[in-house]
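In: 3D model of this:
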Amino acid sequence: MKFLITISVLVIIYNSVLANSIYGLSGAEIEGIRNCYGVACPEGTVVCSKLSKSTEDMQFVDTIIKCEDNKDNALNINNQRTVNPFPGTQYSSFSYQGNYRIRLNARPLEMSERRIRKPIYDSNKDPTYYSKNNEVEEF
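Out: Numbers count the residues shown, from 1 in each chain. I've put the predicted structure just below:
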């Protein structure tokens, strides 16, 4: 339940703030995460993920920590191997966090700069969208 709430909050934040900086504003400054699970992240990091899995022999735990920007590009990847505290036990864990702050010193984009989203399909322009003249087919 906590995972679903976290994902919902991230989607709401993305749609309300970050999407505006991508589709409607230019010059927005993003201040994000500087420390990702103990790993220093470069400027522009807004997402951190951590994947930990035990090795096949279950003697070690391999951990991959990624710092990502707002376009899901990996800015920093850190690999770590530690001794499994419970040898012989299979271990798997995934953690994800997102955080950013946008300074609103941006200007609106000109119409030529905006990305325009077109509908995938317009049923009003295609007469074959409905079945033959809107007749009900009897079985």
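
In: surely Cys67 touches Tyr37?
Out: No - with contacts counted by Cβ atoms under 8 Å, Cys67 stays clear of Tyr37, the gap being 9.6 Å. Where C-beta positions appear, they are placed from N, C-alpha and C, glycine not excepted.

In: what's the overlap in contacts for these two?
Out: The contact sets of Cys67 and Tyr37 overlap at Cys48 (Cβ atoms under 8 Å, 6 or more residues apart in numbering).

In: and those two? which has more neighbours close in?
Out: Neighbours of Cys67 and Tyr37, each counted by other Cβ atoms under 10 Å, are more numerous for Cys67; the result is 26 against 18.

In: mean confidence for the helix or strand harbouring the more buried one?
Out: Secondary structure assigned from DSSP states H and E places Cys67 in strand 60-68. pLDDT averaged over strand 60-68 equals 92, rounded to a whole number.

In: neighbouring strands of it in the sheet, and parallel or not?
Out: When pairing is defined by DSSP bridges, strand 60-68 lines up against strand 47-54 (antiparallel), strand 74-83 (antiparallel).

In: return that strand as PDB; C-alpha atoms alone will do.
Out: Written as PDB, here are the backbone C-alpha positions of strand 60-68 (Å, rounded to 0.1, in the frame of the first residue of the first chain):
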ATOM      1  CA  PHE A  60      27.500 -12.000  -1.400                       C
ATOM      2  CA  VAL A  61      25.000  -9.200  -2.100                       C
ATOM      3  CA  ASP A  62      25.400  -7.100  -5.200                       C
ATOM      4  CA  THR A  63      24.000  -3.600  -5.000                       C
ATOM      5  CA  ILE A  64      23.500  -1.200  -8.000                       C
ATOM      6  CA  ILE A  65      22.700   2.400  -7.100                       C
ATOM      7  CA  LYS A  66      21.700   4.700 -10.000                       C
ATOM      8  CA  CYS A  67      21.300   8.500 -10.100                       C
ATOM      9  CA  GLU A  68      19.000   9.600 -12.900                       C
END
